[in-house]
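**Q** Kindly return the folded structure for what I paste below:
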Amino acid sequence: MNYYYLLLLAILFEVCGTTCMKLSDGFSKLTPSILIFVFYAISFFFFTLALKGLDVSIAYAIWAGLGTAFITVIGIFWFREPSSAFRLISLAFVVMGVIGLHLSDRVA
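**A** Here you go, the predicted model:
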């Protein structure tokens, strides 16, 4: 089993849960409010399965880093949050860090 696929599913469901946080408008909208918990539960399920084959330090860093990157992109394009060169460069550093952590398994 490829544990990175499970990790990717965990990341995608976490991103869906975080997006629903924004859509819930402070828990004032029922459906997105419920979906927060549904998506996070599914995310933790897949993350737990991924940890059977991945180091927790690497998996969590990838989970948090890529989740942050995806949410930043969603914020910019879907929620029309401001973007700037500094924000995009910072996002590139997050992605480079995730790639570096992934590659560290092969170098070490």
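
**Q** show me where pLDDT drops low in the chain?
**A** Counting by pLDDT under 70, the low-confidence segments of the chain come to 105, 108.

**Q** roughly how far apart are the most centrally placed residue in it and residue 77?
**A** Nearest to the mean C-alpha position of the chain, counting by Cα atoms, centre = their mean, stands residue 67 at 1.8 Å. Note on residue 67: its distance to residue 77, by Cβ to Cβ, to the nearest Å, is 16 Å. Every C-beta, even on glycine, is put in place using the N, C-alpha and C of the backbone.

**Q** cool, and residue 40?
**A** Distance of residue 40 to residue 77, computed by Cβ to Cβ: 23 Å.

**Q** Contacts only, for residue 72.
**A** By Cβ atoms under 8 Å, 6 or more residues apart in numbering, the contact list for residue 72 reads 87, 91.

**Q** please redo it, this time with the cut-off set to 7 Å
**A** residue 91 (Cβ atoms under 7 Å, 6 or more residues apart in numbering).

**Q** give me the element it is part of.
**A** helix 56-77 (DSSP states H and E).

**Q** Name the residues that touch the strand or helix carrying residue 41?
**A** Residue 41 belongs to helix 30-50 when assigned by DSSP H and E. Here helix 30-50 makes contact (Cβ under 7 Å, 6+ apart) with 3, 6-7, 9-10, 13-14, 16-17, 20-21, 23-24, 27, 59, 63.

**Q** Buried residues in it, which are they?
**A** By neighbour count on 16 or more other Cβ atoms under 10 Å, the buried set for helix 30-50 is 32, 33, 35, 36, 39, 40, 42, 43, 46, 47, 49, 50.

**Q** Taking helix 56-77 as reference, get the angle to it.
**A** 150 degrees (axes from the mean of the first three to the mean of the last three Cα atoms, to 10 degrees).
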